[in-house]
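**Student:** Sharing a model prediction with you, sequence too.
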Amino acid sequence: MMHKMKVSLLSLALVLLSEGSLLAQNLKKEFPKSFTVTVTNPLNQQREDVMVLVEGEEIKKRIASFNPKAFVVLDGKNEIASQYNLRDSENRGIVVVLDQLAPKATRNLTIRYNEKGSSVRTYPRRTQAEVSHKVGGEFQNRKYIGGQFVNVDSLRVPSEHTDHSNYIRYEGPGWESDKVGYRFYLDWRNGTDVFGKKTKEMVLQQVGQDGFDSYHETQPWGMDVLKVGKTLGVGTLAMFHEGKANRLAETDSMISVIAENGAVYSSIRTNYYGWKVAGHLLDVTSLLSIPAGSRLTHHQVKVSGGDPQNLSTGIIKDQRAKLHTSRGTENAWGYIASYGKQSLNGEGDNLGIAVLFRPTDLLEITEDEHSHVVVLNPSENEVEYYFLAAWELEPEGIKTEEQFLKYLKQTAQELANPVQVQFGSKPKL
């Protein structure tokens, strides 16, 4: 019996080895050229779900013939999920998310490609971005009557639209990872809200389909967990003026575009024209992005038409949550954060929210009537920051303040010490 088992295991191993060799041969045939990159973790601590960007411009400098429509990424002999960002100019190139990267470790990735043609690879979806509005009806007194929701690649907000018009599904664009979802109101409020998730599956496509605001009550997938109101929610863009954080309330027009909607990375670009604030008339480009396996939204902001004294953001004030702040160091980004029973779920579960910023951008940490505010100094009219939410009912969720602060501090260190990507071998057969 034992002899037969050993023979069976050996036969299975040979079959798997043969299949692996055949797969490698097929990949080499389908994608005959290759180059390598090394990814290094500079920190002496393990990182989980590590986003890696192999910049498109750097690829072109070395490999003029690289075809972004036909490639695969191999970690050792294993193909891993990847995508090439084309519409997201701030993060154009190959994106992968590594499951983990050990302390001070280096991983070698092989990128195989075909100079000609197109080869679409399908991977399990771990991010999503969408905007959905009604068609087939009409506006009556700024309410949209009739029609049905359809997803679109971009949306210029019609002049008739305002809050609660029932025109845009869940009132604005949404984006999510396998950990958390977000939305912002594409109207005069322009506040950022949080969808807490009870599943790792993508859920935005079903939110608001069974009733305009049914997501305010707990659903099998989760629910809206943050009360935004007149606050900055989490990570809402504003300008601090005369003791108040002023959101993008008064604009001439707004256009929102789904820049990327991929398996491992998604982003939304929104252009605001004619933002009237504090004596300025500004045009704003906002890029919100999220990678797989992450709670972090990266917000990259550019303004033109003036020289604003600050760009600001922040988080809601809630008496049920304790405030934590850090101005940051050379080895860690700063943050403002809160943790406590501030979830909208009637059971009063814990929710942590935070904004993280580069210490050299900080002007002050302050507050107004509704929000805790971080005031940032734009460099050449640009600023970037990250924001996040951690709901305790997530799968494998953060359930204590101690866990949240540990996660937050590690995240701040990782932002200050990004992974290093270096090119290895030149293209070869």
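**Tutor:** Looks like it arrived, so ask away. Numbering: from 1, shown residues only.
**Student:** OK, contacts around Gly76?
**Tutor:** Gly76 makes contacts with Asn108, as judged by CB atoms under 8 Å, 6 or more residues apart in numbering. For every residue, glycine as well, the C-beta is placed using N, CA and C.
**Student:** give me phi/psi at it?
**Tutor:** phi 70, psi -120 (degrees, to the nearest 10).
**Student:** Break the protein down into its structural domains.
**Tutor:** Following automatic domain parsing, one gets these domains for the chain: 24-115+423-429, 176-398.
**Student:** Deepest-packed of those domains, please.
**Tutor:** Ranked by mean neighbour count, those are led by domain 176-398 with a mean of 20 (mean count of other CB atoms under 10 Å).
**Student:** Any regions of this protein where pLDDT drops low?
**Tutor:** 1-25, 211-212, 347, 425-429 (pLDDT under 70).
**Student:** can you redo the domains of the chain as TSV with distance to Leu408?
**Tutor:** Compiled in TSV, the domains of the chain are given as follows (distance: least, CB to CB, whole Å):
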stretch	distance to Leu408
domain 24-115+423-429	14
domain 176-398	6
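**Student:** beta partners of Val277?
**Tutor:** Beta-bridge pairing for Val277 (DSSP bridges): His280.
**Student:** so who does it touch?
**Tutor:** Applying CB under 8 Å, 6+ apart, the residues contacting Val277 are 239, 241, 246, 248-250, 308.
**Student:** if you set the cut-off to 7 Å instead, what comes out?
**Tutor:** Shown in contact with Val277 (CB atoms under 7 Å, 6 or more residues apart in numbering): 239, 241, 246.
**Student:** Ala390 now?
**Tutor:** 295, 352, 397-398, 404, 407.
**Student:** Name the SS class of it, please.
**Tutor:** strand (DSSP: H, G, I helix; E, B strand; the rest coil).
**Student:** is it in a bridge, and if so with what?
**Tutor:** Applying DSSP bridges, one finds that Ala390 bridges with Gly352.
**Student:** hmm, back to that, return the subset of the contacts of Val277 lying in helices.
**Tutor:** Assignment to helices by DSSP state H places none of the contacts of Val277 there.
**Student:** Leu232: which of those is nearest?
**Tutor:** Asn246 (10.3 Å; CB to CB).
**Student:** Could you verify my assumption that that closest one touches Thr236?
**Tutor:** No: Asn246 lies out of contact with Thr236 (CB atoms under 7 Å); the separation is 10.6 Å.
**Student:** if we can go back for a sec, just send the contacts of Val277 back as TSV, with distance to Leu288 too.
**Tutor:** Converted to TSV, those look like this (distance: CB to CB, whole Å):
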residue	distance to Leu288
Met239	18
His241	23
Asn246	20
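**Student:** For Gln209, give its distance to Glu402.
**Tutor:** 38 Å (CB to CB, to the nearest Å).
**Student:** which residues does the residue nearest to Asp224 when sequence neighbours are not counted contact?
**Tutor:** Among residues not flanking Asp224 along the chain, Tyr215 sits closest, at 4.8 Å (CB to CB, 6 or more residues apart in numbering). The contact partners of Tyr215, by CB under 7 Å, 6+ apart, come to 170, 195, 207-208, 223-224.
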